[in-house]
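1. Here you go, sequence then predicted model.
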Amino acid sequence: MDWALVILAFFQSAAAPQGPEQPIAYSHKSHLSMGLQCKNCHENKDPGEAMGIPVTAKCMACHQSVKKDSPQITKLAEFHASNRPVPWQRVYQLPGFVFFSHKTHLQIGAECKTCHGEVAQRDRLFKEVGIAMGDCMECHRKNKASNDCMYCHEQRQ
Ligand code: HEC
Ligand code: HEC
Ligand code: HEC
Ligand code: HEC
Ligand code: HEC
């Protein structure tokens, strides 16, 4: 066995970031290049914490006719017809004991790419920006927002 090649392959796979495999090969890159915007699929509904993942009806508005013979779209249509949500694997997810609101952060002028990177350039998403405690605190420090433990960990209604 050529160990140099094995080691090279290891570093190449470590260098190419891979997000979770998704049940349907949806690409942000191809859909955003058609002129769709984030808010067409991710609405920041009241109270504003979540951005949400679009329901299959959003997709079927186009895919009722677009590419309907593709195996990927057949799969999508099956979820839709049987009223089942697509089991998308989450990429950015905080534990339940952390409070986070998109609305607050969009109001201070943060952009999607501040926390999610170049989504419009990606076929498959991966966590390219950190959302660990240290990442949150660094931005809070820079922007003179509180870093009291209870600011992010308080039990809220
Ligand atoms: C200040 C950082 C930050 C900004 C700015 C931000 N997000 Fe997020 N986003 C997060 C975090 C943190 C999570 C995980 C939330 C959780 O699990 O409670 C998340 C989760 C999501 C999710 C998963 C569904 C959900 O509602 O939890 C989507 C979709 C999303 N963001 C889209 C967007 C879009 C679109 C924008 C721009 C309009 C945006 N985000 C701006 C940090 C951010
Ligand atoms: C505004 C119309 C529109 C919406 C809404 C839309 N798509 Fe698409 N989608 C397209 C078009 C057009 C293509 C073909 C792009 C190409 O081939 O370059 C496509 C291609 C695809 C493909 C690749 C199919 C193949 O086999 O090549 C998948 C998978 C897909 N879309 C999934 C989705 C999902 C999931 C949603 C909902 C979250 C969605 N689309 C919403 C228009 C749309
Ligand atoms: C046509 C609909 C559509 C558009 C437009 C769209 N998204 Fe998405 N988004 C999805 C779907 C479907 C998923 C779940 C599958 C996935 O992760 O790729 C998703 C997932 C995400 C996630 C990962 C959420 C998580 O935690 O799992 C982020 C972040 C995100 N989108 C940001 C954006 C941003 C930023 C834009 C605009 C630049 C955008 N999206 C535009 C449909 C869309
Ligand atoms: C782009 C910089 C930035 C990032 C990244 C960021 N924050 Fe913030 N956050 C702020 C600022 C600035 C405020 C103050 C807003 C105000 O005072 O109105 C704030 C306010 C908050 C608040 C209190 C306001 C509310 O919504 O109740 C919480 C909780 C919070 N952030 C949690 C988080 C968590 C958790 C993360 C990491 C996942 C995070 N933040 C990442 C800049 C950031
Ligand atoms: C700006 C928001 C923010 C502040 C302020 C904050 N945390 Fe966190 N904390 C988080 C996030 C986000 C996570 C979960 C993500 C991660 O780091 O894995 C977390 C996770 C934790 C965990 C679980 C760690 C683990 O390994 O699972 C503990 C314990 C914790 N925080 C304690 C604290 C204490 C103590 C303080 C005050 C000194 C504090 N936090 C302040 C955002 C915050």
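-> Looks like it came in fine. Ligands and ions are numbered 1, 2, ... in the order given.
2. State the phi and psi torsions of the most centrally placed residue in the chain.
-> Closest residue to the average C-alpha location of the chain: residue 91 at 5.3 Å, with C-alpha atoms, centre = their mean. Here is the backbone geometry of residue 91 (degrees, to the nearest 10): phi -100, psi -50.
3. go on, residue 66?
-> The phi/psi pair for residue 66 (degrees, to the nearest 10) reads phi -70, psi 120.
4. Who are the contact partners of residue 141?
-> Applying C-beta atoms under 8 Å, 6 or more residues apart in numbering to residue 141 gives the contacts residue 147. Placement of C-beta: from N, CA and C, glycine included.
5. Which of the helices or strands spans it?
-> In this assignment (DSSP states H and E), residue 141 forms part of helix 133-142.
6. which other helices and strands contact the next helix or strand after that helix?
-> Downstream of helix 133-142, the next assigned helix or strand under DSSP H and E is helix 149-153. Using 3 or more C-beta pairs under 8 Å, 6 or more residues apart in numbering; DSSP states H and E as the contact criterion, the neighbours of helix 149-153 among helices and strands are helix 133-142.
7. how much space between the residue nearest to the centre of the chain and residue 18?
-> As defined by C-beta to C-beta, to the nearest Å, residue 91 lies at a distance of 11 Å from residue 18.
8. Kindly report the same for residue 56.
-> If you measure residue 56 against residue 18 using C-beta to C-beta, the figure is 25 Å.
9. more crowded one of those two?
-> Looking at residue 56 and residue 18 with other C-beta atoms under 10 Å, you find the greater number of neighbours at residue 56, namely 20 against 9.
10. Could you report the pLDDT at the more buried one?
-> On the pLDDT scale, residue 56 is placed at 98.
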